[in-house]
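Engineer: generate coordinates for the sequence data below:
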Amino acid sequence: MTTEPKKIRARMAPSPTGLLHVGTARAALFNFLFARHYGGTFILRFEDTDPERSKKDFEQNILEGLEWLGMDWDEGPLVGQEGYKGDYGPYNQSGRGHIYKKYLQKLLAESKAFYCSHSKEFLEAEREEQTKRKEHPRHTCSERDAGGTSGIIRLKNDAKGNVSFEDIIRGTISFAAEDLGDLAIARGMDSALYHFAVVVDDIEMLITHVIRGEDHIPNTPKHLLIQQALGAEPPIYAHLPLVLGMDRSKLSKRGGSTSVDEYRKQGYLPEAIINFIALLGWHPAGDKEIFTPQELIQEFSLERIQKSGAAFDIEKLKWLNGEHIKALPPDILAEKLKPYLEDGREAPKEYLTKIAALEQPRLRILSEIKDKVGYFFHEPSYEVSLLLWKGKQDPRAAAENLKKVHDILCDIEQNTFTEEHLREILMPVAEERGRGEVLWPLRAALSGREASPDPFEIMSALGKEKTLGRIMHGLDVLGAALE
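Structural biologist: Sure thing, here's the model as predicted:
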């Protein structure tokens with residue numbers, strides 16, 4: 001089966017009933033990568049025919065989330081404003097009722113659909129009885145030829161044997177046609193149901209490929225019957241494996257911890273999330289794991305998608321995020337860190353860039369920065385015990401070593417106050433007097449923390465004036481202890 005027709009048109013059609021979930025984002029990404037790989041069209045539309053659950057706020061969240069992730073759609077709604085781009089709009093089902101009505105009238109006129117007036121209570125009792133008999137719940141209506149003009153509109157299902165289709169990922173999939181019954185396709189002429197609306201939208205928008213989650217597999221035979229009744233050529237199907245938790249349970253769509261918003265607020269980079277969710281069910285040809293979005297476009301193919309569910313490993317996401325942080329230019333990283341630096345947002349750009357470069361190798365999530373670098377923006381406060389190597393160093397020896405470092409640094413020009421030069425001139429002193437005895441009180445005086453980068457990196461970022469000030473404060477703390 002070919003997956004590369006002359007002009008690919010793939011679509012993502014989420015329901016705006018919750019925040020953008022990582023599973024939805026993954027399905028959107030696979031459609032996006034597939035369309036971009038083959039130079040096709042990526043379409044975004046909303047299945048919002050459920051007025052009680054569909055919300056404009058959720059729709060906006062999905063639009064903004066996909067835009068932040070870099071999945072720019074060729075056709076679909078506009079972000080933050082009314083209207084849409086593309087020739088097949090509107091791209092919300094709620095605005096396409098007149099289109100569905102035209103197709104419903106066609107099926108009714110051709111006696112391929114009919115009104116079913118059976119009550120909700122009747123249908124529920126029938127379903128309950130079928131369940132007891134362990135049969136597939138379905139309704140084969142006795143009112144097909146009654147000529148009714150009200151009630152649910154159903155598609156006549158006279159198919160026999162199997163309804164089958166070829167799935168790019170899973171091969172041949174078949175369902176018994178008799179198990180489907182007469183399909184409900186509309187509550188009335190002005191209220192198309194999901195299965196009918198999605199088929200009509202795919203026909204109208206010339207969709208060539210339907211790439212969606214495996215939970216839609218049972219829907220596909222219904223869509224095939226509707227397509228057949230409308231005389232439409234079916235698209236090519238590919239059903240993606242589910243995204244699972246580490247316990248192998250399905251991730252909840254409404255779980256705040258799995259919404260793209262939550263990861264964005266925590267400080268994950270969009271390119272890292274894209275990299276991570278691309279690997280949820282898809283694997284490249286080699287062992288490479290770190291990809292830019294453009295590299296993913298070049299590598300992607302539906303044939304390399306697995307059938308089994310993919311586990312969402314948060315530690316893997318953190319690792320990938322750290323790798324993408326390392327790849328950022330320090331000045332760009334500094335800008336991304338600003339929202340998490342309550343004390344340093346107004347600091348000079350050059351100073352923030354030095355801090356960003358210093359912490360860059362150790363950061364996995366941008367938000368971690370706020371607990372790491374407060375000492376760069378205000379003088380630290382600490383007890384004398386922090387300045388003593390292994391907590392046992394004699395305060396007088398610690399003071400002498402700090403004073404020696406202070407005197408050496410006073411003679412260094414500001415333009416040579418670099419990590420390399422500082423290391424070159426101070427390491428001989430540390431070797432002579434004991435590394436721990438010299439470098440520990442120095443680092444503690446600079447940062448006020450038990451764990452921090454080495455003192456040479458800190459001094460280079462702080463600069464000469466602040467470095468000398470921190471050392472003098474440390475000497476004052478030691479002096480008070482010696483009195």
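
Engineer: tell me the mean pLDDT for the longest helix along the chain?
Structural biologist: In the chain, ranked by residue count with DSSP state H as the criterion, the top helix is helix 464-482. In this model, helix 464-482 has an average pLDDT of 95.

Engineer: now stretch 71-82
Structural biologist: The average pLDDT for stretch 71-82 rounds to 93.

Engineer: apart from its chain neighbours, what residue comes closest to Cys474?
Structural biologist: In this structure residue 474 is Gly, not Cys. Leaving aside its sequence neighbours, Gly474 sits nearest to Ala445 (C-beta to C-beta, 6 or more residues apart in numbering; 3.0 Å). For every residue, glycine as well, the C-beta is placed using N, CA and C.

Engineer: give me the neighbour count for that neighbour.
Structural biologist: Counted with other C-beta atoms under 10 Å, the neighbours of Ala445 add up to 29.

Engineer: in the host helix or strand of it, what counts as buried?
Structural biologist: Per DSSP states H and E, Ala445 falls inside helix 435-447. Applying a neighbour-count criterion of 16 or more other C-beta atoms under 10 Å, one finds 437-447 buried in helix 435-447.

Engineer: repeat for stretch 159-171
Structural biologist: So for stretch 159-171, counting by 16+ other C-beta under 10 Å, buried means 159, 163, 165, 167-170.

Engineer: measure it end to end?
Structural biologist: 22 Å (C-alpha to C-alpha, to the nearest Å).

Engineer: how near is Gly474 to Gln360?
Structural biologist: As judged by C-beta to C-beta, to the nearest Å, Gly474 and Gln360 stand 27 Å apart.

Engineer: how about Glu315?
Structural biologist: 20 Å.

Engineer: these two: who's more crowded?
Structural biologist: Per other C-beta under 10 Å, whichever of Glu315 and Gln360 has more neighbours is Gln360, with 19 against 9.

Engineer: show me where the stretch 51-200 of the chain has its helices.
Structural biologist: For the stretch 51-200 of the chain, the helices defined by DSSP state H, counting those that start in this stretch cover 56-68, 97-109, 120-132, 194-204.

Engineer: what's the local residue count around Ile62?
Structural biologist: Residues within reach of Ile62, counting by other C-beta under 10 Å, total 26.

Engineer: ok, now which ones touch it?
Structural biologist: 14, 16, 19-20, 24, 46 (C-beta atoms under 8 Å, 6 or more residues apart in numbering).

Engineer: swap the cut-off to 7 Å and go again
Structural biologist: 14, 16, 20 (C-beta atoms under 7 Å, 6 or more residues apart in numbering).

Engineer: mind putting those into JSON lines with pLDDT?
Structural biologist: Formatted as JSON lines, these follow (pLDDT from 0 to 100):
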{"residue": "Pro14", "pLDDT": "96"}
{"residue": "Pro16", "pLDDT": "95"}
{"residue": "Leu20", "pLDDT": "94"}
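
Engineer: list just the nearest of those residues to His98.
Structural biologist: Comparing the contacts of Ile62 against His98 with C-beta to C-beta places Pro16 closest, at 20.9 Å.

Engineer: show me the residues around that closest one that make contact.
Structural biologist: Counting by C-beta under 7 Å, 6+ apart, Pro16 has contacts 46, 48, 54-55, 58-59, 62.

Engineer: got the CA positions of the longest helix of the chain in CSV?
Structural biologist: Output of helix 464-482 as CSV, limited to C-alpha atoms (Å, rounded to 0.1, in the frame of the first residue of the first chain):
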residue,chain,number,x,y,z
LYS,A,464,35.5,41.3,40.5
GLU,A,465,33.6,43.8,42.7
LYS,A,466,30.9,41.4,43.8
THR,A,467,33.4,38.6,44.4
LEU,A,468,35.6,40.8,46.7
GLY,A,469,32.4,41.9,48.5
ARG,A,470,31.3,38.3,49.1
ILE,A,471,34.8,37.3,50.4
MET,A,472,34.8,40.3,52.8
HIS,A,473,31.4,39.3,54.1
GLY,A,474,32.8,35.8,54.7
LEU,A,475,35.8,37.2,56.6
ASP,A,476,33.4,39.3,58.7
VAL,A,477,31.4,36.1,59.6
LEU,A,478,34.6,34.3,60.5
GLY,A,479,35.9,37.3,62.4
ALA,A,480,32.8,37.4,64.6
ALA,A,481,33.3,33.8,65.4
LEU,A,482,36.9,34.4,66.5
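
Engineer: tell me the gap between it and the middle of its chain.
Structural biologist: 47 Å (C-alpha atoms, centre = their mean, to the nearest Å).

Engineer: give me the buried stretch members for that helix, please.
Structural biologist: By neighbour count on 16+ other C-beta under 10 Å, the buried set for helix 464-482 is 464, 466-468, 470-471, 473-475, 477-478, 481.

Engineer: gap between Phe196 and Ser385?
Structural biologist: 74 Å.

Engineer: out of the two, name the residue with the larger neighbour count.
Structural biologist: Each of Phe196 and Ser385 has its neighbours counted (other C-beta under 10 Å); Phe196 has more, 25 against 13.

Engineer: so that one sits against Ala184, correct?
Structural biologist: No - shown here, Phe196 and Ala184 do not form a contact pair, counting by C-beta atoms under 7 Å, at 8.6 Å.

Engineer: please enumerate the strands of the stretch 1-150 of the chain.
Structural biologist: Secondary structure of the stretch 1-150 of the chain (DSSP state E, counting those that start in this stretch): strands located at 9-12, 41-44, 76-77, 84-85, 113-116.

Engineer: what is the nearest of the buried residues of stretch 159-171 to Asp72?
Structural biologist: For these, the closest approach to Asp72 (C-beta to C-beta) belongs to Ile168, at 24.4 Å.

Engineer: what ranges does the stretch 301-450 of the chain have for its helices?
Structural biologist: For the stretch 301-450 of the chain, the helices defined by DSSP H, counting those that start in this stretch occupy 314-326, 330-337, 349-359, 395-410, 419-433, 435-447.

Engineer: tell me the most buried of those helices?
Structural biologist: helix 435-447 (a mean of 23; mean count of other C-beta atoms under 10 Å).

Engineer: now for that one, which elements pack on it?
Structural biologist: For helix 435-447, the packing partners by 3 or more C-beta pairs under 7 Å, 6 or more residues apart in numbering; DSSP states H and E come out as helix 395-410, helix 419-433, helix 455-462, helix 464-482.

Engineer: between these, which one is nearest to Gly188?
Structural biologist: Across the helices and strands packed on helix 435-447, closest to Gly188 is helix 455-462 (C-beta to C-beta), at 68.8 Å.

Engineer: from the contact counts, what lies against that closest one?
Structural biologist: On a contact count with 3+ C-beta pairs under 7 Å, 6+ apart, helix 455-462 meets helix 349-359, helix 419-433, helix 435-447.

Engineer: hmm, try it at 8 Å
Structural biologist: helix 349-359, helix 419-433, helix 435-447, helix 464-482 (3 or more C-beta pairs under 8 Å, 6 or more residues apart in numbering; DSSP states H and E).

Engineer: now the shortest one against helix 314-326, angle please.
Structural biologist: The one in question is helix 349-359. 140 degrees (axes from the mean of the first three to the mean of the last three C-alpha atoms, to 10 degrees).

Engineer: ok and helix 349-359 relative to helix 419-433, angle-wise?
Structural biologist: 50 degrees.

Engineer: quick one on the thing from earlier: I'd like the buried residues of helix 435-447 written out as CSV, with pLDDT added.
Structural biologist: Output for these, formatted as CSV (pLDDT from 0 to 100):
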residue, pLDDT
Glu437, 95
Val438, 96
Leu439, 97
Trp440, 97
Pro441, 96
Leu442, 97
Arg443, 97
Ala444, 96
Ala445, 97
Leu446, 97
Ser447, 96
